[in-house]
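Asks: Sequence below, structure please.
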Amino acid sequence: MKPRQKNWIKQQYQEQVTKVRNLEQQYQEQVTKVRSLEQQYQAQLEPDSNSKIISHVRQNGSQVGDTENLTNNQQTCKQGIDTVLREMSASLAGLKVDMEYVKKDNEAKTKELDLIKQQYQEQVTKVRSLEEQYQVQEEELITIKAMAKITENHVYALKREGEVKRVAFSASLLDLGSNTFGPFNTFTTLVFRNVVTNIGNAYNRNSGFFVAPVKGAYHFEFYICGPGSPSHLVSAVLVRNGEHIFIATETQPSHLAAAGNAATLLLEVGDVVFIRQYENSRISDSQNRHTTFSGHLLFTM
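Replies: Okay, the predicted model is just below:
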C-alpha cells in the first residue's frame, strides 16, 4: 500500500469519528433542553405556584373568571411544551438514525482498513520472500561468476603456457655508436638496448630485466668487454631477484679486456634476472657488439 493511500484512509476515519462526536454532543444538548422544559412544566403545575397566581388574580378581579383564565393558560403552556417535546423527539430520532448510519459506515470503513492492512502485510511478506529469493540468486550468480573467472583464468593459463614455452632473447649493450660505462662507486644495472631476438617478450629493453613468464629451467649467458686499466676491472654479475649468481671479471693494464659466464636457473613465474656492473669497473660496447646478454627457456616445470 502506498503511504498516500494510508494517510487518506486515516483522514477519512478521523473525519467519521469527529462527526460521531458532534452528533453525540447535539444529542446531549437536545436532552438538556428537554429536561429544562420539563422542569418548567413541573414548576407550572406546583400548588404553591397556583396559589400565588390565584391570589394575584383575586386582587385584580373576579375569582371565577380569573381561575378559568389561569386554567386556559396552563393548557396552552402544556400544549406548547408537548409540541416542543414532539419536535425534539423527532429530532432525536433523526439524530439516532444518523448516528446508526455513521456507526455502520464507520464499521465498514474499519473493515475496509483491516482488509487493506491484511493485504499490506501479505505484500510485505511477498516482498520479503522475493528479497530472499533475490539474495539466493545473487549469491548463486556470484558463485557462477567466480567459477567462470576461474575457468577463464585456467583457459588463459593453458593458452599462455602454450605460448610461453617458446621464450628466447638476445641483446647487446648499445643500439648505436660506441661508449664506455663507469667506473661507478656502486653496482649499476646494465640495460641492453639493442634487442636482436625477444621471443615471448620476456625481456624489457627499457629496464634491462628479464621476467620469467612461466616456471621452468632457463639458460643465460653474458659477455662483457672493456678497456684495460691497472686500476679498473672489467666486471659484471648475473643477478636473480637481487641475488648475485655468477660473476664475470677480467683485468689487464692495457688494450681490451673481456670476460663472460653462463648459468642455468630454475625460475618461478615473475622471477627477475638481469646484469649488474661491478663498482669501480668499466664496460664498453660498439658497433661490433662485444657486450651481450642472452637467455632462453629450456623446459617448463
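
Asks: Tell me which stretches of the chain form helices.
Replies: For the chain, the helices defined by DSSP state H cover 3-45, 47-60, 63-164.

Asks: where does the stretch 51-200 of the chain dip in pLDDT?
Replies: Confidence mapping of the stretch 51-200 of the chain against pLDDT under 70 gives the ranges 51-80, 154-155, 157-164.

Asks: Output stretch 28-40 in CSV with nothing but the alpha carbons.
Replies: The C-alpha trace of stretch 28-40 is given here as CSV (Å, rounded to 0.1, in the frame of the first residue of the first chain):
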residue,chain,number,x,y,z
GLN,A,28,-26.8,15.8,24.8
GLU,A,29,-27.8,19.4,24.1
GLN,A,30,-31.3,18.4,23.0
VAL,A,31,-31.7,16.1,26.1
THR,A,32,-30.6,19.0,28.3
LYS,A,33,-33.1,21.3,26.6
VAL,A,34,-35.9,18.8,27.0
ARG,A,35,-35.2,18.4,30.7
SER,A,36,-35.2,22.1,31.1
LEU,A,37,-38.7,22.3,29.5
GLU,A,38,-39.9,19.5,31.7
GLN,A,39,-38.7,21.4,34.8
GLN,A,40,-40.5,24.5,33.7
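
Asks: Could you give me the buried positions within that stretch?
Replies: 30, 34, 37 (16 or more other C-beta atoms under 10 Å). The way it works is simple: take the backbone N, C-alpha and C, and place the C-beta from them, glycine included.

Asks: swap in stretch 226-236?
Replies: 226, 228, 229, 232, 233, 234, 235, 236.

Asks: For the fifth one, give its distance to residue 119.
Replies: Pointing back at residue 233 there. Separation of residue 233 from residue 119 (C-beta to C-beta, to the nearest Å) stands at 93 Å.

Asks: cool, the fourth one as well?
Replies: As judged by C-beta to C-beta, residue 232 and residue 119 stand 95 Å apart.

Asks: The first one now?
Replies: Counting by C-beta to C-beta, the separation of residue 226 from residue 119 is 92 Å.

Asks: before we move on, what about the third one?
Replies: Taking C-beta to C-beta as the measure, residue 229 falls 98 Å from residue 119.
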